[in-house]
Structures are given as structure tokens and as C-alpha cells.
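Asks: Following is a predicted model, sequence given first.
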Amino acid sequence: MKHILLLPALFLATFLSIPAHAADVYKVVFETMDCSGNTGFATVGPDEIYKIGNGDCMDPDNPAKKLKQLLVHDGQGSYRVYTLTQDEARNVMQDVKEYMRSRKGSLDRSDSIIISH
């Protein structure tokens, strides 16, 4: 009897976990830079991005331009802040626009449903 109930329980657990993983597949990868010129990389989901605004300091590689701040929802009512160059901010915005166009296209071409958390 235990074996008979185990198979449906495993199937149900697998089935319910698939949408959560499928929604998190696409990530935006970008280069960060702080006010001192230190660089790094970050990865966020496009749906987590709140906005891009002006930063507090100048770009060490190009003092005529200010750095940008990317605000990302942290899931607890606050934001993580990433600092990046103006060029990288444009790249992030372009990636998000392409992702949204792709999502819209998949909805237009099929009867699929996108579930987001």
C-alpha cells in the first residue's frame, strides 16, 4: 500500500515544482562598477528589476558621466542596489525589453500561460 501511494506523491511533487523552476530560467547578467572603479558581475531576473536611476558618483573611467543605480526587489519589501556604468545600464534595459518582447511573442503565438510569483 505504501508503494502505491508513493508513486502518485512523487509525481505530484515533481509536477508542482516544475512551474517554479521554469519561471526563473531567464536571467539578466551585467557588469557592476563602484565609485572606486572596482568591477564585478551580477545576475537578476528581469521581473525583479524595479528601475534604473542616477547614481551618487562619477564613472572613474569616464569622469564626464555619472554611474547609474539599478534597484532590484529583494522579496522582502526592500531593494538591492547595483551600481553600473551608463552603457551597461543601457544594455540591461535592452535585455529586459528583448525578454519582454519574447514573452509577448510567445503569448501571441500560442495558448500558453505565463505564471509569475
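Replies: Now that the structure is in, tell me what you want to look at. Residues are numbered from 1 along each chain as shown.

Asks: C-alpha only now, for contacts and for neighbours.
Replies: Fine.

Asks: where does Gly77 land in three-state SS?
Replies: coil (DSSP: H, G, I helix; E, B strand; the rest coil).

Asks: Please read the previous query as pertaining to Ala89.
Replies: Strictly by three-state DSSP, Ala89 counts as helix.

Asks: neighbours of it, just the number please.
Replies: Applying other C-alpha atoms under 10 Å, we find 21 residues neighbouring Ala89.

Asks: Apart from its chain neighbours, what residue comes closest to the most centrally placed residue in the chain?
Replies: Residue closest to the average C-alpha location in the chain (C-alpha atoms, centre = their mean): Gly45, at 1.5 Å. Spatial nearest neighbour of Gly45, chain neighbours left out: Lys27 (4.6 Å); criterion: C-alpha to C-alpha, 6 or more residues apart in numbering.

Asks: just to revisit the earlier point, from Asp74, how far off is the residue nearest to the centre of the chain?
Replies: Computed as C-alpha to C-alpha, to the nearest Å, the Gly45 to Asp74 distance reads 11 Å.

Asks: Then Glu88?
Replies: With C-alpha to C-alpha as the criterion, Glu88 and Asp74 are 21 Å apart.

Asks: Looking at the two, which is more packed in?
Replies: The neighbour count for Glu88 versus Asp74, taken as other C-alpha under 10 Å, is higher for Glu88 (17 against 12).

Asks: So which helix or strand of this structure has the lowest pLDDT on average?
Replies: helix 2-23 (a mean of 51; mean pLDDT, DSSP states H and E).

Asks: Next secondary structure element downstream of it?
Replies: strand 28-33 (DSSP states H and E).

Asks: which residues sit against that next one?
Replies: By C-alpha atoms under 8 Å, 6 or more residues apart in numbering, the surrounding residues in contact with strand 28-33 are 39-46, 82-85, 88, 92, 95-96.
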